[in-house]
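K.L.:
sequence first, then the predicted structure, then my questions.
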Amino acid sequence: MGIWIRNASVIKDGNELEKKHVLVEDGKISRIIETDGGSADLTGHEVVEADGKLLTAGLIDMHVHLREPGFEHKETIATGTRSAARGGFTTIACMPNTRPVIDTVETVKYVLDKAQTEGVVRVLPYGCITKNELGRELTDFEALKEAGVIGFTDDGVGVQSAQMMKDAMAKAASIGLPVIAHCEDNTLVEGAAVTEGAFAKKHGLKGIPNESEAIHVGRDILLAEATGVHYHVCHVSTEQSVRLIRQAKQIGIKVTAEVCPHHLLLSDEDIPGVDDANWKMNPPLRTPRDVQACIEGLVDGTLDMVVTDHAPHSAEEKARGLMLAPFGIVGFETAFPLLYTKFVATGQWTLQFLVDRMTKTPAEVFGLPWGRLAEGAAADLTLIDLETEKAVDPEEFASKGRNTPFTGWKLKGWPTLTMVEGKTVWSE
Ligand SMILES: NC(=O)N[C@@H](CC(=O)O)C(=O)O
Ligand SMILES: [Zn+2]
């Protein structure tokens, strides 16, 4: 028995939509037909009435924190994947800064096992570049690859030693996996919580300068050129990083990059005050000029994809205030509505542009077989209501984390049903 998704709006081109019936069988999309004239034999099939809602390939998020093992009070694979499903995501790549970190075959297996038994969406783990993310000794890349990691990263912290990064890149290149870098030079950061800029100045705070990120981006681009690795830059937030990546791409260096919704929508000037740590994340919210550069970078293809950097923390941890709370905000359940409402509904981007950056480009960049709405493709699908406006309410989140600066934002573009390989994993 299959499932007919009837009267779905699928993207034809740009903002142009066309109505289709889509048949899902054996975990795959078996047919996509016209709603007028096409023969949809419903006998023996379940029917999902899409009622004109947008149907896209399931969203893909290449930078997320599921917190398990070790920080189950912040999130678990069970809650994190449900949060992803509620946000329309069907494939997510999880960061290894857990406890223990994902630097051994055992921990990779633990995560994959949990994802299989308790998760509801596809989970692709990254492995650490260095043991314990301490920057001192490389992990066993071959063994981790064999166990199922899709790339290497010490996300949460920058690899401080250029030699260590160069060795990592050479190794990763030799086994055909990418290096994914959290770019941050520790000597320039020293305990600061917000960017250098208007907010820091007003409150007399030391700021995190843009160079702390861009110095690593520049260094790593040169190392990527030297080693031939696929180098992917995490959560780009500065004008300087965008410029360096743009230049590197122009001369053919194998660099790709991601950007988060909050770095496209918020600047340091939006931070309400020093008490509210829901505005604290790493990299920090930058200046309006950086926000503009990130938007331009995404639009011209310098930045390849949108990721959430879903980084849940408990309410207690976030109640410590801007200076003392941990960095990070949740992202799954607001990402699409935020970007749809602020960039597509306002006419700045086409719907196809946004959907591609959350499906097609991450799949292409990481060589994944998902992210396509086509006959024969996996039935990873998301239905999205583009009409109904609703305010962001963290109490409704499936995530354990409530740490978002977007509470109360009135948005459209809410996912209403998420399907992974033909199985409905969330519906409104
Ligand atoms: N982005 C964040 O602010 N925090 C992340 C770490 C990271 O992605 O660098 C976390 O693990 O909490
Ligand atoms: Zn990071």
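P.N.:
Done, it's in. Ligands and ions are numbered 1, 2, ... in the order given.

K.L.:
spell out which parts of the stretch 201-350 of the chain neighbour ligand 1.
P.N.:
Within the stretch 201-350 of the chain, the positions adjacent to ligand 1 are 281-282, 309, 311, 326-328 by CB under 6 Å from any ligand atom. Any C-beta I mention is one placed from the backbone N, CA and C, and that applies to glycine too.

K.L.:
quick one, what contacts the residue of the chain found nearest ligand 2?
P.N.:
Proximity of the chain to ligand 2 (CB to the ion) peaks at residue 182, 3.6 Å away. Contacts for residue 182 (CB atoms under 8 Å, 6 or more residues apart in numbering) come out as 153-158, 234-235.

K.L.:
need those residues in a markdown table with neighbour count, can you?
P.N.:
Converted to a markdown table, the contacts of residue 182 look like this (neighbours: other CB atoms under 10 Å):
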| residue | neighbour count |
| --- | --- |
| 153 | 27 |
| 154 | 31 |
| 155 | 25 |
| 156 | 20 |
| 157 | 17 |
| 158 | 23 |
| 234 | 28 |
| 235 | 24 |
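
K.L.:
need the mean per-residue confidence for the top helix by length along the chain.
P.N.:
In the chain, ranked by residue count with DSSP state H as the criterion, the top helix is helix 210-227. Helix 210-227 shows a mean pLDDT of 98.

K.L.:
show me where the stretch 301-428 of the chain has its helices.
P.N.:
For the stretch 301-428 of the chain, the helices defined by DSSP state H, counting those that start in this stretch cover 315-318, 335-339, 351-357, 360-365.

K.L.:
so which of those is the most surrounded?
P.N.:
Burial of the helices of the stretch 301-428 of the chain is given as mean neighbour count (mean count of other CB atoms under 10 Å); helix 335-339 ranks first at a mean of 26.

K.L.:
which of the residues of the stretch 201-350 of the chain next to ligand 1 has the most neighbours?
P.N.:
Counting neighbours by other CB atoms under 10 Å, residue 309 comes out on top of these with 29 neighbours.

K.L.:
ok, that one - contacts?
P.N.:
The contact partners of residue 309, by CB under 8 Å, 6+ apart, come to 63-65, 234-235, 260, 281, 328-329, 331.

K.L.:
among these, which two are most distant?
P.N.:
234 and 329 (14.9 Å; CB to CB).

K.L.:
three-state assignment of residue 242?
P.N.:
Secondary structure for residue 242, judged by DSSP: H, G, I helix; E, B strand; the rest coil, is helix.

K.L.:
dead centre of this protein: give me the residue that sits there.
P.N.:
Geometric centre of the chain, nearest residue: residue 307, 2.3 Å, by CA atoms, centre = their mean.

K.L.:
OK, contacts around the closest residue to that one other than its chain neighbours?
P.N.:
Nearest non-adjacent residue to residue 307, counting by CB to CB, 6 or more residues apart in numbering: residue 63, 3.8 Å away. Listed by CB under 8 Å, 6+ apart, the contact set of residue 63 reads 93, 95, 155, 180, 234-235, 258, 260, 307-310.

K.L.:
now residue 63: which helix or strand?
P.N.:
Under the criterion of DSSP states H and E, residue 63 resides in strand 59-64.

K.L.:
coming back round to it: what sits against the residue nearest to the centre of the chain?
P.N.:
61-64, 235, 258-260, 362.

K.L.:
try 6 Å
P.N.:
Taking CB atoms under 6 Å, 6 or more residues apart in numbering, we find residue 307 in contact with 61-63, 258.

K.L.:
next: residue 32.
P.N.:
With CB under 6 Å, 6+ apart, residue 32 has these contacts: 20, 22, 375.

K.L.:
quick check: it is in a strand.
P.N.:
Yes - according to three-state DSSP, the state of residue 32 is that of a strand.

K.L.:
how about stretch 265-282 as PDB, C-alpha atoms only?
P.N.:
The C-alpha coordinates for stretch 265-282 follow below in PDB (Å, rounded to 0.1, in the frame of the first residue of the first chain):
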ATOM      1  CA  LEU A 265      18.300  38.300  10.400                       C
ATOM      2  CA  LEU A 266      19.800  39.800  13.600                       C
ATOM      3  CA  SER A 267      22.700  42.100  14.400                       C
ATOM      4  CA  ASP A 268      24.300  43.000  17.700                       C
ATOM      5  CA  GLU A 269      22.100  46.200  17.700                       C
ATOM      6  CA  ASP A 270      19.100  44.000  18.200                       C
ATOM      7  CA  ILE A 271      20.300  42.500  21.500                       C
ATOM      8  CA  PRO A 272      17.900  43.800  24.200                       C
ATOM      9  CA  GLY A 273      20.300  43.800  27.100                       C
ATOM     10  CA  VAL A 274      22.900  41.900  29.100                       C
ATOM     11  CA  ASP A 275      20.400  39.800  31.000                       C
ATOM     12  CA  ASP A 276      19.000  37.900  28.100                       C
ATOM     13  CA  ALA A 277      21.300  35.000  27.000                       C
ATOM     14  CA  ASN A 278      18.900  33.900  24.200                       C
ATOM     15  CA  TRP A 279      20.900  36.400  22.100                       C
ATOM     16  CA  LYS A 280      24.200  34.700  22.900                       C
ATOM     17  CA  MET A 281      25.600  32.300  20.300                       C
ATOM     18  CA  ASN A 282      29.000  31.500  18.700                       C
END
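
K.L.:
for the stretch 51-200 of the chain, what lies in contact range of ligand 1?
P.N.:
Residues of the stretch 51-200 of the chain found near ligand 1 (CB under 6 Å from any ligand atom) are 65, 97, 155-156, 182.

K.L.:
mind running it again at 8 Å?
P.N.:
63, 65, 95, 97, 155-157, 182, 184 (CB under 8 Å from any ligand atom).

K.L.:
these: which two are farthest apart?
P.N.:
Across these, the longest distance by CB to CB is 16.0 Å; it joins 65 and 184.

K.L.:
out of the two, which sits in the more crowded spot?
P.N.:
Neighbours per residue (other CB under 10 Å) separate residue 65 from residue 184, with residue 65 holding more: 26 against 20.

K.L.:
what number of residues lie near residue 409?
P.N.:
16.

K.L.:
what sits against it?
P.N.:
So residue 409 contacts residue 392 (CB under 6 Å, 6+ apart).

K.L.:
these two touch, right, residue 332 and residue 87?
P.N.:
Yes - judged on CB atoms under 6 Å, residue 332 makes contact with residue 87 at a distance of 3.7 Å.

K.L.:
related to what we said a few turns ago, turn the contacts of residue 63 into a markdown table, columns for pLDDT.
P.N.:
Supplementary listing: the contacts of residue 63 in a markdown table, determined by pLDDT from 0 to 100:
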| residue | pLDDT |
| --- | --- |
| 93 | 99 |
| 95 | 99 |
| 155 | 98 |
| 180 | 99 |
| 234 | 99 |
| 235 | 98 |
| 258 | 99 |
| 260 | 99 |
| 307 | 99 |
| 308 | 99 |
| 309 | 99 |
| 310 | 99 |
